[in-house]
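# Next input, structure requested:
(one chain, ligands or ions: 1)
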Amino acid sequence: MGRLAAALGIEEVEAHHKYGPSTLPKLAKCVCFENTPVPSMADEPMHPANVGTRVHALAKGYLDDATPELEAMDSAESEMGQEAADWIKSNYYGHKIHSEIRLDIDIDGLTTFGTGDIIAEPKDKLILKCLDIKTSQERGDFMEQVAAYAFAAMAKFGYEQTEVTLLYTRLGYRPEDTFYITIEEAREVVKSVLEKCYSKDKQPTPDEMACKYCAKKLTCPPVLSIVKQVATGYNPEAVAALEVALNEYHPSQMDANDLVTAKAIWAIIKKWGESVDYATKQQFELGNVVRGYKQIAIKKVSIDASDLDAVYKRSGLELPDFLTCCDVKASKLRDAMALKAGLPKTGKKPKDHFAAQMGALIQTKTESQIRKGK
Ligand code: SF4
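From the prediction side, this is the model:
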């Protein structure tokens, strides 16, 4: 048994789950971080981790020219798997490819293990290649994870340097997604995190990225004290009026009294959060650089209403099927009906006429639209 698992009194597999390469980037931010369990594929097939698992299996299948072990849920997933396989075939041409390979990390007895997506050995035996396939929506900081794979692979295959690539299947490839790391550099990166995990007096250090994914975020004392501090700072009178000493912090375990208090605290924090979002957006719109904010182009495809007749004719659909694709603007429809009935456009009469004709069909969620099926 490795020193880490032994010191913590846990099994190797548990040590891998808690301190495996994919968890290391979060542990680098907070050494007390704990993974939130991933729901099963059957329960939540579209959970990001499950999408990632399928894309990895698809890439491996396409790479081996075999039927992938898992089926894609949609075309985007099969495209991501195919693109990853194509990228590997063209960039690692002539290399000896190891896919989904177990990699054991052992640094002075601090041990854990992980599964490397792709390790590719070049013919000239000079620089090893290590590829990690990412399906995340944005680029992230995965240094400790890939350093762990690179270190273990270099130790296993006898190399001094690795070319590491993060292949973001959703976002395309950029040259800066590739970097070089030596075995000593990789060792230092991994060792610094594992040593902190090994420490007996480790303390939680809240961090935006780590807390977001941590299983303890609802019960973690520093996080809760920040929550209370923020609530008090934002609205001291409201907090003073509350009984803030909750007996239980996890909502699923709270009794009715705690839930009332918790909801009151949440109302204050939520308002503060909305205010933070608003102020951040304002800063961003003023042209200031705000970490985590970027301009996203929103593509809106719509067909102008003036083309509707032509669009209907060319669609080849029957009218009822075509109508399921349309939204109705209540105000426009009311005006058109008033015109046809010889009524003025404004005043009570067109409204009454519209209401009388439409009756229960009008289920407007907003004042101006009747949306089908809502
Ligand atoms: S919730 Fe607590 S333990 Fe989890 S990452 Fe945040 S500070 Fe660390």
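
# use CA for all of it now, contacts and neighbours both
Fine.

# List the buried residues in the host helix or strand of residue 260.
Secondary structure from DSSP states H and E places residue 260 in helix 256-285. By neighbour count on 16 or more other CA atoms under 10 Å, the buried set for helix 256-285 is 258-259, 261-262, 264-265, 268-269, 272, 280, 284.

# repeat for stretch 25-43
Under 16+ other CA under 10 Å, the buried positions of stretch 25-43 are 25-35.

# ditto for stretch 140-154
142-154.

# Redo these as JSON lines? Include distance to the ligand and secondary structure.
As requested, these are exported to JSON lines (distance: CA to the nearest ligand atom, whole Å; DSSP: H, G, I helix; E, B strand; the rest coil):
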{"residue": "142", "distance to the ligand": "16", "secondary structure": "coil"}
{"residue": "143", "distance to the ligand": "18", "secondary structure": "helix"}
{"residue": "144", "distance to the ligand": "16", "secondary structure": "helix"}
{"residue": "145", "distance to the ligand": "17", "secondary structure": "helix"}
{"residue": "146", "distance to the ligand": "20", "secondary structure": "helix"}
{"residue": "147", "distance to the ligand": "21", "secondary structure": "helix"}
{"residue": "148", "distance to the ligand": "20", "secondary structure": "helix"}
{"residue": "149", "distance to the ligand": "23", "secondary structure": "helix"}
{"residue": "150", "distance to the ligand": "25", "secondary structure": "helix"}
{"residue": "151", "distance to the ligand": "25", "secondary structure": "helix"}
{"residue": "152", "distance to the ligand": "26", "secondary structure": "helix"}
{"residue": "153", "distance to the ligand": "29", "secondary structure": "helix"}
{"residue": "154", "distance to the ligand": "30", "secondary structure": "helix"}
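
# For burial, what's the neighbour tally of the nearest residue to residue 19 once chain neighbours are set aside?
The shortest distance from residue 19 to any non-neighbouring residue, by CA to CA, 6 or more residues apart in numbering, is to residue 112 (6.6 Å). For residue 112, the tally of surrounding residues (other CA atoms under 10 Å) stands at 27.

# Secondary structure of residue 112: a strand, I assume?
Yes: with DSSP: H, G, I helix; E, B strand; the rest coil as the criterion, residue 112 is part of a strand.

# was I right about it contacting residue 22?
No: counting by CA atoms under 8 Å, residue 112 sits too far from residue 22 to count as a contact (11.1 Å).

# ok so, going back, from the chain's centre, how far out does the helix or strand just after the helix holding residue 260 sit?
Sequence-wise, the next helix or strand downstream of helix 256-285 (DSSP H and E) is helix 308-315. From the chain centre to the centre of helix 308-315 is a distance of 39 Å (CA atoms, centre = their mean, to the nearest Å).

# which parts of the next helix or strand after helix 308-315 are buried?
Using DSSP H and E, the next helix or strand after helix 308-315 towards the C-terminus is helix 319-323. Judged by neighbour count (16+ other CA under 10 Å), helix 319-323 contains no buried residues.

# helix or strand right after helix 319-323?
With DSSP H and E setting the assignment, the helix or strand that follows helix 319-323 is strand 328-329.

# What helices and strands are in contact with that following strand?
Under the contact criterion of 3 or more CA pairs under 8 Å, 6 or more residues apart in numbering; DSSP states H and E, strand 328-329 touches strand 369-370.

# Could I get the average pLDDT for the strand it packs on?
Strand 369-370 comes out with an average pLDDT of 38.

# ok, now stretch 114-129?
Here the average pLDDT along stretch 114-129 is 95.

# Likewise for stretch 207-221?
The average of the pLDDT scores along stretch 207-221 is 84.

# Any chance you could list what contacts it?
Stretch 207-221 is contacted by residues 26-27, 29-30, 33-37, 223-224, 249-250 when judged by CA atoms under 8 Å, 6 or more residues apart in numbering.

# same thing but 6 Å
Residues outside stretch 207-221 that contact it (CA atoms under 6 Å, 6 or more residues apart in numbering): 26, 33-36, 249-250.

# interface residues of the protein facing the ligand?
30, 32-33, 204-207, 210-211, 214, 216-217, 220, 223 (CA under 6 Å from any ligand atom).

# can you rerun that using 8 Å?
26-27, 29-34, 203-223 (CA under 8 Å from any ligand atom).

# and those, which are buried?
Buried among the residues of the chain next to the ligand by 16+ other CA under 10 Å: 26-27, 29-34, 204, 206, 210-211, 214, 216-217, 220, 223.

# In this structure residue 21 contacts residue 145, no?
Yes: the pair residue 21 / residue 145 is scored as a contact, 4.5 Å apart, by CA atoms under 6 Å.

# List the beta-bridge partners for residue 165.
residue 131, residue 178 (DSSP bridges).

# State the distance from it to the ligand.
Distance of residue 165 to the ligand, computed by CA to the nearest ligand atom, to the nearest Å: 27 Å.

# what's the burial count for that residue?
For residue 165, the neighbour count with other CA under 10 Å is 21.

# Understood, closing this out.
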